[in-house]
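# can't give you the sequence, but here's the structure:
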């Protein structure tokens, strides 16, 4: 740990105010999603704790606000802050899980494509080119509309649109690595293709993967929120930030702005923090960009 705090990486990190601010936002949101349910007084998805008489109460600093509900309540009497806390857990889980699935599948296909080349490379890259010709949101929307909703289907849809970035990134790095002398030496030494890929090529293509993975978490959170907002993402029985924005949007023009504004702001700052930290990683891991 002492070595980390004296490393060049930490030196550049603590001098980069946007990165520090972004990581502070991420740490705050992570703590809120992890320990928030123990801090709020209500489980917004336990009907026994809801009271319709408390519906549409404004935030505590406005006239008619209730000290029990700092950010107000929605039409079902649910505490907006509690709903955000529970919704953040689902949205963060979906973003991280979809990133991991996309990374594993895309990295495997990118390694195979770049290392073996030939017909295998052509098939994988043509599939990737076809997919990239369509907007990611359109593909995810089609899959959700065709095969149903739910967290599992959201993960499948996000993985289906996310693997391409990893595959193309890893393929390009692999093509560069296999031309180097240490790969040729490994082949002369009699190492098998699988061992060369896993022991020598994969560790040397991890740098761009870390950057892509970091930024893609935010992208997946936005796509999931969009799908839930359109009614084809997470079902109404599960908390989701996008679903909270949708439920608040239905009454937004009635002057009840807080039910939609606060979940939307949470999404904005969460993705903003991810992108700030991702930009720092991109610049730090590629010194030419400094």
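Arrived safely. Here the structure is a predicted model, which means the values were calculated and not measured.
# what's the weakest-modelled helix or strand in this protein?
In the chain, no helix or strand scores lower on mean pLDDT, DSSP states H and E than helix 2-5, which sits at a mean of 62.
# could you measure from residue 145 over to residue 227?
Distance from residue 145 to residue 227, counting by Cβ to Cβ, to the nearest Å: 10 Å. All C-beta spots, glycine's among them, are computed from the backbone N, C-alpha and C.
# the two: who's more crowded?
Neighbours per residue (other Cβ atoms under 10 Å) separate residue 145 from residue 227, with residue 227 holding more: 27 against 14.
# so the more buried one touches residue 233, yeah?
Yes. Under the criterion of Cβ atoms under 8 Å, residue 227 makes contact with residue 233 at 3.3 Å.
# where does the stretch 1-150 of the chain have low pLDDT?
Within the stretch 1-150 of the chain, the segments meeting pLDDT under 70 span 1-6.
# tell me the buried residues in stretch 260-273?
Judged by neighbour count (16 or more other Cβ atoms under 10 Å), stretch 260-273 contains these buried residues: 260, 261, 262, 263, 264, 266, 267, 270, 271, 272, 273.
# what is the burial count for residue 108?
Residue 108 is flanked by 16 other residues according to other Cβ under 10 Å.
# which SSE is it in?
Per DSSP states H and E, residue 108 falls inside helix 80-116.
# so which elements touch that helix?
Counting contacts by 3 or more Cβ pairs under 8 Å, 6 or more residues apart in numbering; DSSP states H and E, helix 80-116 packs against helix 17-39, helix 118-132, helix 151-177, helix 193-196, helix 206-229, helix 241-249, helix 258-285.
# sorry, back to before: between residue 227 and residue 233, which contacts overlap?
Common contacts of residue 227 and residue 233, defined by Cβ atoms under 8 Å, 6 or more residues apart in numbering, comprise 144, 154, 242.
# closest to residue 174 among those residues?
residue 154 (30.1 Å; Cβ to Cβ).
# quick revisit: going through the shared contacts of residue 227 and residue 233, which ones are buried?
For the shared contacts of residue 227 and residue 233, buried by 16+ other Cβ under 10 Å: 144, 154, 242.
# contact partners for the last one?
Residues touching residue 242, when contacts are defined by Cβ under 8 Å, 6+ apart, comprise 91, 224, 225, 226, 227, 228, 229, 233, 234, 267.
# tell me who's in contact with residue 191.
residue 199.
# point to the residue nearest the middle of this protein.
residue 217 (2.0 Å; Cα atoms, centre = their mean).
# tell me how many other residues crowd the residue lying closest to that residue once chain neighbours are set aside.
Computed as Cβ to Cβ, 6 or more residues apart in numbering, the closest residue to residue 217 that is not its neighbour in sequence is residue 95, at 4.5 Å. By the criterion of other Cβ under 10 Å, residue 95 has 24 neighbours.
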